[in-house]
Every structure is written in C-alpha cells, then in structure tokens.
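Asker: give me coordinates for this.
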Amino acid sequence: MILTLKPAHLAIIEEHCVLAYPNEACGILIGRREEETASLTTVLLTANDQAPAFQHHRYRIPPEELLRAELLAEEQALTVIGYFHSHPDLPAVPSEHDLENAWPDYLYLITSVKDRRATETRGWWLGGDCVFVKTLLTVA
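Answerer: So this is what the prediction gives:
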C-alpha cells in the first residue's frame, strides 16, 4: 500500500500528536483509495475519549467524530481511509493492542513522540489476514 499526503497533512498530524504528549493523540484520515494506493485529502483532529488514566497509552475516537467523518467524506465523494494516533515515548510501530482493535483494510499512521518532539511517522495497513503491513508514505 502507498499513501500520498501533503507536507501540510503530516505537519498537522505531528503537531496534534506533540500537543497531546505525554498522552496519545488521535484523528481520522479522509481521502481516495484504490487497490494499492491511497491519497489523503483531509485530516480530522479528534479528542482522545479514552479514560484519562489510560490516555498515555490508549486512544479512543468519540463515536460522534466517527459519524462526522463519514458524513463529511460522503459529502465530498470521498471515504474514510484510516486513522492516526501517537505513541508517546515508543516507536511508531503497531502494538498488540493496536492490532487487536484495528479494522481490516484501513490505513493507520502512527507518530512516535519523544520529549515533546515528533520523531517519526510510519504508515501501516491492516490486510485482510489481520496482519499489519508497512505502508510507503509519499509526501508530496
């Protein structure tokens, strides 16, 4: 899978993740998707609705934000292509919890934040066999 996004998209995602530190940040990715490629057109920043005691290592996007994203995508003849979240002080790789809670055929961006700095953003796609596959990010 290849995801194309603009530098401004990456900056928005990483800034949101840094501002949430030391907690996890999250949001929704809207765009176009074909067989093995996707292009990001809109980043929706959301609150982390997880219980405060767990926000440093878990996230939950509020259901009303999921609905808002679906309606916005439909209005623009687009689709929700995936989600993003941060890993405070951890690598930008899916955790076991991420795998257990991910939905097949969606893209997931994970930003590693260390000492209030976004150090790396990686893309992952959950294939039909429920295994994360690294996604090539093309920033253009």
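
Asker: find the nearest non-adjacent residue to the residue nearest the centre of the chain, please.
Answerer: Residue closest to the mean C-alpha point of the chain, counted by CA atoms, centre = their mean, is F84 at 1.1 Å. With CB to CB, 6 or more residues apart in numbering as the criterion, F84 has its nearest non-adjacent residue at 3.8 Å, and that residue is L109. Any C-beta I mention is one placed from the backbone N, CA and C, and that applies to glycine too.

Asker: contacting residues for the one you found?
Answerer: 3, 13, 29, 82-85, 121-124, 137 (CB atoms under 8 Å, 6 or more residues apart in numbering).

Asker: so which of those residues comes closest to H56?
Answerer: Taking CB to CB as the measure, H56 sits nearest to H85 out of those, at 12.2 Å.

Asker: distance of that closest one from P52?
Answerer: Between H85 and P52 the distance, using CB to CB, to the nearest Å, works out to 16 Å.

Asker: of those two, who's got more company?
Answerer: H85 (24 against 8; other CB atoms under 10 Å).

Asker: show me what the mean pLDDT comes to for stretch 69-82.
Answerer: Confidence for stretch 69-82, expressed as mean pLDDT, is 97.

Asker: so what's the gap between it and the chain middle?
Answerer: When C-alpha coordinates are averaged (CA atoms, centre = their mean, to the nearest Å), stretch 69-82 and its chain have centres 15 Å apart.

Asker: over to stretch 81-88?
Answerer: Using CA atoms, centre = their mean, the mean C-alpha position of stretch 81-88 is found 3 Å from that of the whole chain.

Asker: what does it contact?
Answerer: Contacting residues not belonging to stretch 81-88 are listed as 3, 13, 17, 20-33, 38, 40, 43, 56-57, 59, 61, 93, 95, 106-114, 118, 125 [CB under 8 Å, 6+ apart].

Asker: can you rerun that using 6 Å?
Answerer: Applying CB atoms under 6 Å, 6 or more residues apart in numbering, the external contacts of stretch 81-88 come out as 13, 17, 21-22, 24-29, 31, 33, 38, 59, 106-113.

Asker: checking I12 next. Helix, strand or coil?
Answerer: Look at I12: counting by DSSP: H, G, I helix; E, B strand; the rest coil, its state is helix.
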